[in-house]
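Colleague: Sequence and predicted structure, then a few things I'm wondering about:
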Amino acid sequence: MGRDKAFLEIDGIPLWRRQLAVLQHLSPAELMIAGPAHSEWTETGCVIVPDVRDDAGPLAGIVSSLRICSAPLLVSLAIDLPNITTDYLEQLIRRCSPAKGVVPAEGEQFEPVAAVYPKAALTLAETCLAVGKWSLREFARACVRENLVATVAISDDQKPLFLNMNTPADLQAAAVGHHVAE
């Protein structure tokens, strides 16, 4: 994208505000934003959690968040999935137990940035980070192998929820999709 995705806008609303609203509707016990402390974020009342490493992608934010999370489960939502809804995240949460989370998948393709991880996954996440295995999909696979998360199939009607904003064309497609859905 060439700039911080958090500040891209759909219908005049920055992605970070859209995602924050989705998570706030879950009424979580604690709400964190992983990443650098932008001044706009400090005004939200959320805990700002710096990534444990600047160069390790989303896994670094998950490690940081799991370290301070006091709940047995952590809902993870990437900034660049603007179509994810509170309803969908609630469906994921209902499939969890206090010791086991859930990760959406389409066949063997995991969608680990809109998932629920148990606090018990922290050691595995830290190990992946320490040995340079920063792929969140690989972390999700390891969580499945260790019975820390179950997979839930993404249905055809849920596929649009996983539009990932990586290019200007993705941003345009998301903006068009939001106008149609409203």
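Modeller: Good, I have the coordinates.

Colleague: Please count neighbours and contacts with C-alpha atoms only from this point.
Modeller: Will do.

Colleague: Now the spatially most central residue of the chain. Nearest residue, chain neighbours left out?
Modeller: With distances taken as C-alpha atoms, centre = their mean, Leu77 lies nearest the centre of the chain, 2.0 Å away. Among residues not flanking Leu77 along the chain, Ala114 sits closest, at 4.6 Å (C-alpha to C-alpha, 6 or more residues apart in numbering).

Colleague: Quick check: phi and psi on Glu111?
Modeller: Backbone torsions for Glu111, taken as degrees, to the nearest 10, come to phi -120, psi 70.

Colleague: For it, which residues are in contact?
Modeller: By C-alpha atoms under 8 Å, 6 or more residues apart in numbering, Glu111 lies in contact with 103-105, 137, 162.

Colleague: all helices in the protein, in order from the N-terminus.
Modeller: 15-24, 39-42, 58-68, 86-94, 122-130, 136-145, 168-181 (DSSP state H).

Colleague: Buried residues, the fourth one. List them.
Modeller: By neighbour count on 16 or more other C-alpha atoms under 10 Å, the buried set for helix 86-94 is 86, 89, 92-93.

Colleague: what packs against it?
Modeller: strand 101-106, strand 114-118 (3 or more C-alpha pairs under 8 Å, 6 or more residues apart in numbering; DSSP states H and E).

Colleague: Tabulate the ones you listed in JSON lines, adding columns for mean pLDDT and distance to Arg53.
Modeller: Converted to JSON lines, the helices and strands packed on helix 86-94 look like this (pLDDT from 0 to 100; distance: least, C-alpha to C-alpha, whole Å):
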{"stretch": "strand 101-106", "mean pLDDT": "97", "distance to Arg53": "23"}
{"stretch": "strand 114-118", "mean pLDDT": "98", "distance to Arg53": "19"}
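
Colleague: Could you give the bridge partners of Leu74?
Modeller: Listed by DSSP bridges, the beta-bridge partners for Leu74 are Tyr117.

Colleague: pretty sure it contacts Ala120?
Modeller: No. Using C-alpha atoms under 8 Å, Leu74 is not in contact with Ala120, being 10.2 Å away.

Colleague: before we move on, the earlier item: so which pair among the contacts of Glu111 is furthest apart in space?
Modeller: Largest separation among those by C-alpha to C-alpha: Arg137 and Phe162, giving 14.3 Å.

Colleague: Top of the contacts of Glu111 by number of neighbours, please.
Modeller: Most neighbours among those, by other C-alpha atoms under 10 Å: Val103, with 27 neighbours.

Colleague: mind checking how far that one is from Leu148?
Modeller: Using C-alpha to C-alpha, to the nearest Å, Val103 is found at 10 Å from Leu148.

Colleague: Thank you, goodbye.
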